[in-house]
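# need a 3D model of the sequence below.
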Amino acid sequence: MNTPSDKEVMELALQAGHILLENGAEIFRVEETMDRICRHYGVQSGNEFVLSNGIFVTAGSEKEKFFAKVQHIPVSGTHLDRVTAVNQLSREIEEGKYTVAQAMEEINKIKNMPDKRKSVQILASGLGSAAFCYLFGGNLWDSTAAFLVGLVLYGYVLQISSPHLSKIVGNIGGGALVTVLCGIMYLTGFGKHLNYMIIGSIMPLVPGVPFTNAIRDIADGDYISGAVRMLDALLVFLCIAIGVGMGIAVMSRLTGGGILL
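You can find the predicted model right below:
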């Protein structure tokens with residue numbers, strides 16, 4: 001078996017870290033996985049510095065060749081199936097199941113894993129909206145309305161917001177869309193509790209995983225990354241609130257204040 005070069009090992013570790021960070025993993029998980037890969041393949045001088053949107057890796061000593069590389073990783077969505085796949089791969093690497101070349105092939109397969117079908121994502125949004133509406137106190141009709149609004153909302157996210165709008169505009173538009181649709185259903189008697197309908201339907205937009213990871217990063221001492229992720233999540237919360245406020249204002253004006261009763 002050919003001994004892998006330090007560059008090949010560091011490239012493998014970097015790609016693994018890239019996938020983890022891009023798909024919503026915590027900072028400590030990224031650093032731990034990269035370190036595990038480097039140590040297994042004999043690179044003892046590898047060092048990683050991971051931020052919420054970038055990875056800096058270096059290696060080199062009197063006995064090992066020098067290597068340095070930086071990758072910028074924009075704040076993106078969350079795909080926990082890819083995070084799980086990389087975690088499993090890193091453990092199998094430690095068990096000696098892969099050469100560097102084989103591990104890189106697996107990394108490329110994980111990188112190219114297809115997203116869930118749009119129809120599945122839309123259905124999940126509707127079911128999630130209905131479930132949250134019911135948990136917060138809505139009745140069967142409220143949950144049914146939230147289900148329908150959740151379907152429309154994620155169709156908007158996939159077809160309009162994500163491909164064509166910025167995060168700020170997209171979330172404001174999503175909040176307004178949900179509020180207007182729930183208001184229309186409420187006025188037509190389809191639902192009985194407007195607040196529960198809106199709260200449930202808005203849940204697919206809420207960045208729960210980034211917010212949780214931000215708290216975990218801060219708790220682990222990664223204050224820069226945690227603060228960036230927290231700011232990003234709070235910005236989304238603010239945009240959703242602005243959108244809901246705009247929707248209520250529009251419906252209130254159109255109904256002469258009836259939507260607020």
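# count of neighbours near Thr144?
19 (other CB atoms under 10 Å). C-beta: built from backbone N, CA, C; applies to glycine.
# the residue nearest to it when sequence neighbours are not counted: what's it in contact with?
With CB to CB, 6 or more residues apart in numbering as the criterion, Thr144 has its nearest non-adjacent residue at 6.9 Å, and that residue is Ala130. By CB atoms under 8 Å, 6 or more residues apart in numbering, the contact set of Ala130 is Ser143, Thr144, Ala146, Phe147, Gly150, Gly200.
# quick one: the fifth one and Gly170, what's the gap?
To tie it back to what came earlier, the one meant is Gly150. Noted for Gly150: a distance of 16 Å to Gly170, by CB to CB, to the nearest Å.
# CA atoms of stretch 166-186 as PDB?
In PDB, the C-alpha atoms belonging to stretch 166-186 read as follows (Å, rounded to 0.1, in the frame of the first residue of the first chain):
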ATOM      1  CA  SER A 166     -31.900  37.600  -0.700                       C
ATOM      2  CA  LYS A 167     -32.300  36.000   2.700                       C
ATOM      3  CA  ILE A 168     -33.700  39.300   4.200                       C
ATOM      4  CA  VAL A 169     -36.200  39.900   1.400                       C
ATOM      5  CA  GLY A 170     -37.200  36.200   1.200                       C
ATOM      6  CA  ASN A 171     -37.900  35.900   4.900                       C
ATOM      7  CA  ILE A 172     -39.900  39.200   5.100                       C
ATOM      8  CA  GLY A 173     -41.900  38.000   2.100                       C
ATOM      9  CA  GLY A 174     -42.500  34.600   3.700                       C
ATOM     10  CA  GLY A 175     -43.700  36.100   6.900                       C
ATOM     11  CA  ALA A 176     -46.100  38.400   5.100                       C
ATOM     12  CA  LEU A 177     -47.300  35.600   2.800                       C
ATOM     13  CA  VAL A 178     -48.100  33.300   5.800                       C
ATOM     14  CA  THR A 179     -49.900  36.100   7.700                       C
ATOM     15  CA  VAL A 180     -52.100  37.100   4.700                       C
ATOM     16  CA  LEU A 181     -53.000  33.500   3.900                       C
ATOM     17  CA  CYS A 182     -53.900  32.800   7.500                       C
ATOM     18  CA  GLY A 183     -55.800  36.000   7.700                       C
ATOM     19  CA  ILE A 184     -57.900  35.100   4.600                       C
ATOM     20  CA  MET A 185     -58.700  31.700   6.100                       C
ATOM     21  CA  TYR A 186     -59.500  33.200   9.400                       C
END
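# Gly150 and Gly170: which is more packed in?
Gly150 (29 against 21).
# so that one is in which element?
helix 140-156 (DSSP states H and E).
# circling back to that earlier point, reformat the contacts of Ala130 as a markdown table; add pLDDT.
Putting these into a markdown table (pLDDT from 0 to 100) gives the following:
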| residue | pLDDT |
| --- | --- |
| Ser143 | 93 |
| Thr144 | 93 |
| Ala146 | 93 |
| Phe147 | 95 |
| Gly150 | 93 |
| Gly200 | 93 |
